[in-house]
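Enquirer: 3D model of this:
(chains A and B)
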Amino acid sequence: MKRVLLVEKRCLGCEECLEACKRENGIALNYVVWVKKFYPVQLHCAHCTDAPCQRVCPESAIKMNKHGAMIIDDSLCINCGYCVLACPFGIPKLGTDGKIMKCNLCSDRLDDGDLPACVAACPTGALVYQEYEEYGEARRARTALRVLEAGEVI
Amino acid sequence: MSDFEPKIVAFLCNWCAYAGADLAGVSRLKYPPNIVPIRVPCSGRVDPLFVVYALYSGADGVFIGACHPGDCHYVDGNIKAERRIRFLKSILRPFGLDERVGFFHISAAEGKKFAEVAREFTNHIRKLGPNPIRLSSVKVDEKRTTLCTLLLNLTETIEAKEGVYAVEEVPEGFGYPVMNPERCVGCGACATACDQDVITITDTGDVRKVGHYSCYCILCRKCEEICPRDAISVEEGFDLMAFIKREPAVDVELTMRKCTVCGRYFAPEVEIDLLEAENVCPDCRRKEIAKKLVEVWE
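Expert: Down below sits the predicted model:
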């Protein structure tokens, strides 16, 4: 199942992904958190399997769709905010019209064969839409490169 | 008081009672000059507050002239008005003012009846004496607040009863949500579900208060359906004190839990315990996870 994943040390904190999300969903459902005022970290829903939000939802409104995204069914959601408290990453939030909202992996765009809005908007390629295996492989390659480069400097 | 002349405000329906009064005048029938008529398009236009305000502003009696049942120009305005006035009278009874409000059916052809009713009502008010709450120095813009204080003061003098007031005839369409403090976790689903903003949730420091304005409830029972903890039941009834005060009655008070990172009160203790969630607010959870990621990268 493909996911939106963050490539380490590539995020510039430009918040283009927030703007893209706002255009797509009316409100930014992802976050950019600055660590030590130096490292920007983009955070978004991880679409966990056996998700804590899904477990606590009293109306079973959170379901996984065919793209592997955990989406809130608006017709069932009662805005109790249990998912907001249960999420270990603090991702779901109160939308503009008083509805609880969370990332839906841009399922409409995926249906049309597009990338999720935040991934399409990211200017540095810090956000990728990949399988875990693919991402892990690329990451291992990057780490290997870093080790090599470090060796050259010495 | 032998020289007491009552002042009576008459709300007369344009289509019948006003025409009746006109006929009485044209027919040269004598009726007391104490009556001050106010023409209204329909007796249904008479808000009970008009009556209370008339009494409050110094009228000794209020007289409402409506069409006979079935004759209303607007189908059922007179029937609704009668129901409203009946309810108003039951509210005014404890204050001793219900006798000063009269509701009469007078048709446009009944000039004679109008004169009779006016005479009888004036005599009736004359016997009752001057209005005990007559206050002359009142500014109109303070209407709402002063009216409420006045009613409240009166309630205190006649053995104030807090909470639900026993109105003899419980009017239809009034109700209020009853919350079970043992079940409620203060999630706020009911407050978002309520279209009338009956249920209020206020956070003051370490306490979350869940309350309701009973006077706005329209008995849609959405809150009852939606509550994930089945803590709400909607009951029919009328809470007079809440209606007068326009302040929410507090049903549930929940202690809030502090975020262990930033020290902000962010959610009720019972809700966090129920969900077995961390004692960290969502904002801090994001910061923590970002911090861990950066540690891994470095």
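
Enquirer: does chain B sit close to the helix or strand containing A:Arg142?
Expert: Using DSSP states H and E, A:Arg142 falls within helix A:132-153. No: counting by CB under 8 Å from any CB of the partner chain, chain B is not contacted by helix A:132-153; separation bottoms out at 10.4 Å. Quick note: C-beta positions are derived from backbone N, CA and C, even for glycine.

Enquirer: Quick check: buried residues in that helix?
Expert: A:Tyr135 (16 or more other CB atoms under 10 Å in any protein chain shown).

Enquirer: cool, and stretch B:187-202?
Expert: B:187-194, B:198-201.

Enquirer: Keep those, but drop any that are not near chain A.
Expert: B:187-189, B:192-193.

Enquirer: now the residue most central in space within chain A, nearest residue through space, not along the chain?
Expert: Nearest to the mean C-alpha position of chain A, counting by CA atoms, centre = their mean, stands A:His44 at 2.8 Å. In space, and not counting its chain neighbours, A:His44 is closest to A:Asn30: 3.9 Å by CB to CB, 6 or more residues apart in numbering or on different chains.

Enquirer: Quick one: low-confidence residue ranges for the chain.
Expert: Answering for chain A, as no chain was given. Counting by pLDDT under 70, chain A has low-confidence residues at A:153-154.

Enquirer: try again with chain B
Expert: By pLDDT under 70, the low-scoring segments of chain B are B:1-2, B:94, B:134-173, B:215, B:238-246.

Enquirer: Pop the domain breakdown of it in here.
Expert: What automatic domain parsing lists as the domains of chain B is B:8-135, B:175-291.

Enquirer: I'd like to know which of those lies nearest to A:Gly125.
Expert: domain B:175-291 (19.5 Å; CB to CB).

Enquirer: For A:Pro92, give me phi and psi.
Expert: phi -60, psi 150 (degrees, to the nearest 10).

Enquirer: Not counting sequence-adjacent ones, nearest residue to it?
Expert: Going by CB to CB, 6+ apart, A:Pro92 has A:Lys102 as its nearest residue, at 4.1 Å.

Enquirer: isn't the one you found right next to A:Asp73, touching?
Expert: No: using CB atoms under 8 Å, A:Lys102 is not in contact with A:Asp73, being 11.8 Å away.

Enquirer: out of the two, which sits in the more crowded spot?
Expert: A:Lys102 (24 against 13; other CB atoms under 10 Å in any protein chain shown).

Enquirer: Can I get stretch A:142-153 as PDB, trimmed to CA atoms?
Expert: Output of stretch A:142-153 as PDB, limited to C-alpha atoms (Å, rounded to 0.1, in the frame of the first residue of the first chain):
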ATOM      1  CA  ARG A 142      21.000   7.700   0.600                       C
ATOM      2  CA  THR A 143      22.600   6.600   3.900                       C
ATOM      3  CA  ALA A 144      25.200   4.600   2.000                       C
ATOM      4  CA  LEU A 145      26.000   7.700   0.000                       C
ATOM      5  CA  ARG A 146      26.400   9.700   3.100                       C
ATOM      6  CA  VAL A 147      28.800   7.200   4.600                       C
ATOM      7  CA  LEU A 148      30.800   7.200   1.400                       C
ATOM      8  CA  GLU A 149      30.900  11.000   1.300                       C
ATOM      9  CA  ALA A 150      31.900  11.100   5.000                       C
ATOM     10  CA  GLY A 151      34.800   8.700   4.200                       C
ATOM     11  CA  GLU A 152      36.000  10.900   1.300                       C
ATOM     12  CA  VAL A 153      36.200  14.000   3.600                       C
END
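
Enquirer: show me where the chain has helices.
Expert: No chain in the question, so chain A it is. Here chain A has its helices, by DSSP state H, at A:16-25, A:52-56, A:82-86, A:107-111, A:117-121, A:132-153.

Enquirer: You answered for a different chain; I wanted chain B.
Expert: B:17-26, B:48-56, B:77-92, B:111-128, B:143-157, B:189-193, B:222-226, B:240-245, B:269-275, B:282-297.

Enquirer: closest to A:Val35 out of those?
Expert: helix B:282-297 (4.6 Å).

Enquirer: quick one: the closest residue to A:Asn104 other than its chain neighbours from A:Cys77, how far?
Expert: Nearest non-adjacent residue to A:Asn104, counting by CB to CB, 6+ apart: A:Ile71, 4.5 Å away. Using CB to CB, to the nearest Å, we find A:Ile71 at a distance of 10 Å from A:Cys77.

Enquirer: need the residues of chain B near chain A, please.
Expert: B:187-189, B:192-193, B:226, B:228-229, B:267, B:271-272, B:275, B:277-278, B:281-287, B:289-291, B:293-294, B:296-297.

Enquirer: Among these, the buried ones, what's the ChimeraX command?
Expert: Remark: buried members of the residues of chain B next to chain A, expressed as a ChimeraX selection using 16+ other CB under 10 Å:
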select /B:187,188,189,192,193,226,228,229,267,271,272,275,277,278,281,282,283,284,285,286,287,289,290,293,294
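
Enquirer: Can you pull the residues of chain A lying near chain B?
Expert: By the rule CB under 8 Å from any CB, the part of chain A lying against chain B is A:6, A:8-9, A:31, A:33-36, A:39, A:41, A:43, A:56, A:58-59, A:78-82, A:84-91, A:93, A:98.

Enquirer: Count residues in the vicinity of B:Lys292, would you?
Expert: Each residue near B:Lys292 was counted by other CB under 10 Å, and the total is 12.

Enquirer: And for A:Ala61?
Expert: By other CB under 10 Å, the burial measure for A:Ala61, its neighbour count, is 20.

Enquirer: How about the one 5 residues further on?
Expert: Residues near A:Lys66, counting by other CB under 10 Å, number 9.

Enquirer: what separates it from chain B, distance-wise?
Expert: To chain B, A:Lys66 is 28 Å away according to CB to the nearest CB, to the nearest Å.

Enquirer: Torsion angles phi and psi at that residue?
Expert: phi -70, psi -20.
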